[in-house]
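Asker: Everything below, folded, please.
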Amino acid sequence: MNTKNANGGLLQRTLSKAFPTERTAIVAELLLLTLLGAFAIILRTKLRVPVNMPGHHGVEVMALLIIGRYVSGISVASSISGLAAALIMFFPFMGIKDPYLPVIYLIMGISIDLLYFAFKDYRKYLALFALVGGIAYMMIPLSRLVIFGFTGFPYESFYKFGFFLPFITHFVFGVAGAVLGAGLIYSLNRLKK
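Answerer: Residues are numbered from 1 along each chain as shown. A predicted model of the protein is given here:
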């Protein structure tokens, strides 16, 4: 059916009305964030690295979450990845023994988003990128300390390493993951130019 304008001429159809590209882009972005969160947990549970330090999976987890936060225009991007990570933990084959870990990962995703808005210029400075990653990944021992205080849930890392060392190692590994994620982003951006 042809549509006419006020002058009697035919209106030209645009491609954007035929294909809702904006919706498609948002769906693709949501899918990417979901996959990054799920992949972060799969790596965390299935990748066996013989490092006897709490928080050593912060490298791969924070790299993926920071990449998602950086590339996404959605204001709650890391929360979406954190939710995806939390949901995949409920599958029995994941072997998650900590019943509070899904909530902790959701808190971590929310923390990244909050820090993202607190440090708006962190995209420009690697030190701020690193700080965001370190603080966000440090939410794991902080949440565990609160859970331990209220429920007495036995966290092995506290019994093995005390209460102080897990905070330091989670921060350091979170920083390393954020720097890795930022480095990958900066490298890809340079290749595009």
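Asker: Could you find the residue nearest the spatial middle of this protein?
Answerer: Nearest to the geometric centre of the chain sits residue 65, at 2.5 Å (C-alpha atoms, centre = their mean).
Asker: wait, is that one part of a strand?
Answerer: No. Inclusion of residue 65 in a strand is not indicated when DSSP: H, G, I helix; E, B strand; the rest coil is applied; the result is helix.
Asker: Quick check: it touching residue 37?
Answerer: Yes. Proximity of residue 65 to residue 37 meets the contact threshold set by C-beta atoms under 8 Å, at 7.3 Å. Backbone N, C-alpha and C define where each C-beta goes, glycine included.
Asker: Need the overlap of contacts for these two.
Answerer: Overlap between the contact sets of residue 65 and residue 37, as judged by C-beta atoms under 8 Å, 6 or more residues apart in numbering, is given by 81-82, 109.
Asker: Just the CA coordinates for stretch 48-63, please, in CSV.
Answerer: Output in CSV follows, covering the C-alpha atoms of stretch 48-63 (Å, rounded to 0.1, in the frame of the first residue of the first chain):
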residue,chain,number,x,y,z
ARG,A,48,41.4,-25.5,37.8
VAL,A,49,44.4,-23.3,38.5
PRO,A,50,46.6,-24.6,41.2
VAL,A,51,47.0,-21.3,43.1
ASN,A,52,46.3,-21.7,46.8
MET,A,53,45.1,-18.2,47.3
PRO,A,54,41.6,-16.8,47.8
GLY,A,55,40.2,-14.8,44.9
HIS,A,56,42.5,-16.0,42.2
HIS,A,57,39.5,-16.4,39.8
GLY,A,58,39.2,-12.6,39.9
VAL,A,59,41.4,-12.3,36.9
GLU,A,60,39.1,-14.0,34.5
VAL,A,61,35.8,-13.0,36.2
MET,A,62,36.6,-9.3,36.4
ALA,A,63,38.1,-9.2,32.9
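Asker: Fine by me, we can end here.
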